[in-house]
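A.B. asks: Provided below for reference: sequence and predicted model.
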Amino acid sequence: MIQSPLAAVAIGMKKPIIYWHRQDLRTDDLPGLQAAAASGRPVIPCYILDDGAPGHWAMGGASRWWLHHSLVSLADDYASRGVVLVLRRGETVSLLEQLVQDTGADSIFFSRMYEPWASDLEQKVNAAFAEQDVQVKRYGGSLVFEPETIANLSGKPYKVFTPFWRRCRAGGEPAVPKALAQTITQWSQPVPGENLADWQLCPRNPDWSAQWHHMWSPGTQGARAKVASFLRQGITNYSEGRNQPALQCTTRLSPHLAFGEISPREVWHRARSAAAADTGLEGQVDKFLSELGWREFSHHLLHHFPDIPERAFKEQFRRFPWLVDKGNLLAWQRGQTGYPMVDAGMRELWQTGFMHNRVRMIVASFLTKHLLIHWRQGANWFWDTLLDANLANNSSGWQWVAGSGADASPYFRIFNPITQGEKFDVGGEYIRQWVPELSRMPDRYLNCPWEAPQSVLESVGVALGDNYPFPIVDHKCARASALAALASLGEN
DNA sequence: TTTTGAGTTGTTCGA
DNA sequence: GTCGAACAACTCAAA
């Protein structure tokens, strides 16, 4: 192997280990990093921005903003330990080879991912270094349960959530998370890297992310703060409160988990400790853990059925008569459907990079069942606009709502956007926040402004078709069409 | 192998 | 206003 000048300087020192960060932007409870640090050898942490991997869903704009701030946070964490996080951009395999040359490293450690393109990349990295004297080691840690460890009695992957989760829980409590020891042996040579600012991950002209700092604090500290405030407040009424978008009963942890800033095991154990301290919380905590379970389940599904992002899991749905309607799709994306609950959700998404879970189901049901637009269109939009965009959760969630997924909702479950709003946004607080043109509308008509008498509309300053749209489809007709379309799947 | 019970989140209709 | 039943048939998981 050709030694670069830097590596030559290093002769006589222990060879360093490269820790290749991916969607695991933390230092605690990260088995691969733990192993690297424990070896006593110098550790060179790096992050590679590779937008060109084949089959790769390149990060959307919202996720890029998060990535930027998460990397700042991770770099700070390393800096406090006297270690530099190396940033590089481009094709992963050749950049890793370059880094090995630059530093004389003889090992690369990383945490596995479950997206098909990502595990293909792992294979390529393995293959590239197989014949060189470089050890490539893959670790877990991004899930509580690795897919290989959970199977039904026939040794096959589960396709139904409840038995899957029972099986996971049957193994007892997962291992206790481990903080990284304070000391990482540092690599004393400078390693060439790029400046984060040059990556231009944050939007400008216009900077539509300006208000995000008020809501989000990317990085491990921010993640822990979210967990702590949830366990102080949201958890006490989680089972009910989690369905009300105007309340802050959910964790809002999803972007932190998506970037691996906190390990799911750590979240699990913090919730468990809260339940231990207050036995009245046990039921609520179990409910919360099962939400972590859905994250596990969708990653298991993606691992075992890698075409879930592309096509219907249930074969008969592959001939569903989806419509192509750019106008309706655009109205949905912009939050201009004329159904206040749907519009509120879509505008929350656009403005904050987030949408409450209950509302995600409502808007997804509306797109796929009222508008009969393909769930992939919805998944693509979510991918671009969500801070927590994650292939496993996003694809299986959309397929679940559309009815084509594993363990999907029954065909007749078509959300009524009017009654959902009345049921889960009782005081109308959520709608009034995100659809301000309706803020003075009386509760009685808030979810169905088209039914309000002209005099009411005038008195609250709403002119339908002018400053708020008429509904783009009629609920009853749309429901009937959806049922007919679903019934057509049964005919051969 | 066969059988049996069950399957995240809903809506509508009629009594 | 409240309540229970119907809304398909199928697949999965386990006994």
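C.D. replies: Cool, got the structure.
A.B. asks: contacts, neighbours, all on C-alpha from now
C.D. replies: Fine.
A.B. asks: Quickly find the element holding the residue of the stretch 101-250 of chain A found nearest DNA strand C.
C.D. replies: When scored by CA to the nearest atom of the strand, the stretch 101-250 of chain A has residue A:158 as its residue closest to DNA strand C, at 3.0 Å. Element membership for residue A:158, per DSSP states H and E: none, as it lies in no helix or strand.
A.B. asks: If we ignore the residues flanking it in sequence, what's nearest it?
C.D. replies: Distance criterion CA to CA, 6 or more residues apart in numbering; nearest residue to residue A:158, sequence neighbours excluded, is residue A:164 at 5.6 Å.
A.B. asks: Could you pull up the contacting residues of that neighbour?
C.D. replies: A:150-152, A:158, A:297 (CA atoms under 8 Å, 6 or more residues apart in numbering).
A.B. asks: and the two most separated of those residues?
C.D. replies: A:152 and A:297 (13.4 Å; CA to CA).
A.B. asks: Compare these two (neighbour count), which wins?
C.D. replies: Ranked by neighbour count (other CA atoms under 10 Å), residue A:152 and residue A:297 place residue A:297 first, with 27 against 12.
A.B. asks: hang on, isn't that one packed against residue A:163?
C.D. replies: No - using CA atoms under 8 Å, residue A:297 makes no contact with residue A:163, being 10.7 Å away.
A.B. asks: before we move on, back to that, how about the residue of the stretch 101-250 of chain A closest to DNA strand C, what does it touch?
C.D. replies: Taking CA under 8 Å, 6+ apart, one finds A:151-152, A:164 in contact with residue A:158.
A.B. asks: Go through the longest helix seen in chain A and flag the buried ones.
C.D. replies: Using DSSP state H, we find that the single longest helix of chain A is helix A:282-304. Judged by neighbour count (16 or more other CA atoms under 10 Å), helix A:282-304 contains these buried residues: A:282, A:284-286, A:288-290, A:292-304.
A.B. asks: From those, list the ones also adjacent to DNA strand B.
C.D. replies: residue A:294 (CA under 7 Å from any atom of the strand).
A.B. asks: that older thread, now the residue nearest to residue A:158: which helix or strand?
C.D. replies: helix A:161-170.
A.B. asks: Figure out how far the helix or strand just after that helix is from the centre of its chain.
C.D. replies: Per DSSP H and E, helix A:161-170 leads on to helix A:212-215 as the next helix or strand towards the C-terminus. Remark: helix A:212-215 is offset 18 Å from the chain centroid, using CA atoms, centre = their mean, to the nearest Å.
A.B. asks: swap in stretch A:472-486?
C.D. replies: Here stretch A:472-486 is found 30 Å from its chain centre; the criterion is CA atoms, centre = their mean.
A.B. asks: ditto for stretch A:406-419
C.D. replies: So, by CA atoms, centre = their mean, the centroid of stretch A:406-419 is 22 Å from its chain's centroid.
A.B. asks: what's the answer for stretch A:222-241, then?
C.D. replies: In terms of CA atoms, centre = their mean, the centre of stretch A:222-241 is found 18 Å from the chain centre.
A.B. asks: quick one: contacts of that stretch?
C.D. replies: Here stretch A:222-241 makes contact (CA under 8 Å, 6+ apart) with A:216-217, A:247-253, A:256, A:261-262, A:267, A:270-271, A:274, A:281, A:284-285, A:287-288.
A.B. asks: Indicate whether the longest helix of chain A makes contact with DNA strand C.
C.D. replies: No - Helix A:282-304 stays clear of DNA strand C (CA under 7 Å from any atom of the strand), getting no nearer than 10.2 Å.
A.B. asks: Mind giving me the packing neighbours of that helix?
C.D. replies: helix A:161-170, helix A:238-241, helix A:264-277, helix A:391-402 (3 or more CA pairs under 8 Å, 6 or more residues apart in numbering; DSSP states H and E).
A.B. asks: which of those is buried the deepest?
C.D. replies: Neighbour counts (mean count of other CA atoms under 10 Å) averaged over each of the helices and strands packed on helix A:282-304 peak at helix A:391-402, with a mean of 25.
A.B. asks: Let me know the average pLDDT across that helix.
C.D. replies: For helix A:391-402, mean pLDDT rounds to 96.
A.B. asks: next helix or strand past that helix?
C.D. replies: helix A:417-424.
A.B. asks: outside of the next helix or strand after that next one, which residues touch it?
C.D. replies: Sequence-wise, the next helix or strand downstream of helix A:417-424 (DSSP H and E) is helix A:429-434. Contact with helix A:429-434 is made by A:245-246, A:340-341, A:343-345, A:347-348, A:425, A:438-440, as judged by CA under 8 Å, 6+ apart.
A.B. asks: And stretch A:352-370, by the same measure?
C.D. replies: A:62, A:209, A:211-212, A:242-245, A:329, A:332, A:341-342, A:345-346, A:348-349, A:373-375, A:378, A:385-388, A:398, A:401-402, A:414-415, A:417, A:420, A:473, A:475, A:478-479, A:481-482.
A.B. asks: Contacts (any at all) between DNA strand C and that stretch?
C.D. replies: No - with CA under 7 Å from any atom of the strand as the criterion, DNA strand C is not reached by stretch A:352-370; the gap is at least 14.4 Å.
A.B. asks: Keeping just the C-alphas, turn that stretch into CSV.
C.D. replies: Only the C-alpha atoms of stretch A:352-370 are listed here, as CSV (Å, rounded to 0.1, in the frame of the first residue of the first chain):
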residue,chain,number,x,y,z
THR,A,352,-42.6,23.9,10.5
GLY,A,353,-41.3,20.8,8.7
PHE,A,354,-43.5,18.8,11.0
MET,A,355,-47.1,17.5,11.2
HIS,A,356,-48.9,16.0,14.1
ASN,A,357,-49.4,12.3,13.7
ARG,A,358,-53.2,12.3,13.9
VAL,A,359,-53.2,15.0,11.2
ARG,A,360,-50.8,13.0,9.0
MET,A,361,-53.4,10.2,8.9
ILE,A,362,-56.2,12.7,8.0
VAL,A,363,-54.3,14.4,5.2
ALA,A,364,-53.0,11.0,3.9
SER,A,365,-56.4,9.5,3.9
PHE,A,366,-57.7,12.6,2.0
LEU,A,367,-55.1,12.4,-0.7
THR,A,368,-55.4,8.7,-1.3
LYS,A,369,-59.1,8.2,-0.7
HIS,A,370,-60.8,11.5,-1.5
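A.B. asks: What are the buried residues along that stretch?
C.D. replies: For stretch A:352-370, burial by neighbour count (16+ other CA under 10 Å) applies to A:352-356, A:359-370.
A.B. asks: Also stretch A:41-52?
C.D. replies: A:41-50.
A.B. asks: quick one: strands adjacent to the top strand by length along chain A?
C.D. replies: In terms of residue count, the longest strand belonging to chain A (DSSP state E) is strand A:43-49. The pairing partners recorded for strand A:43-49 under DSSP bridges are strand A:17-21 (parallel), strand A:86-89 (parallel).
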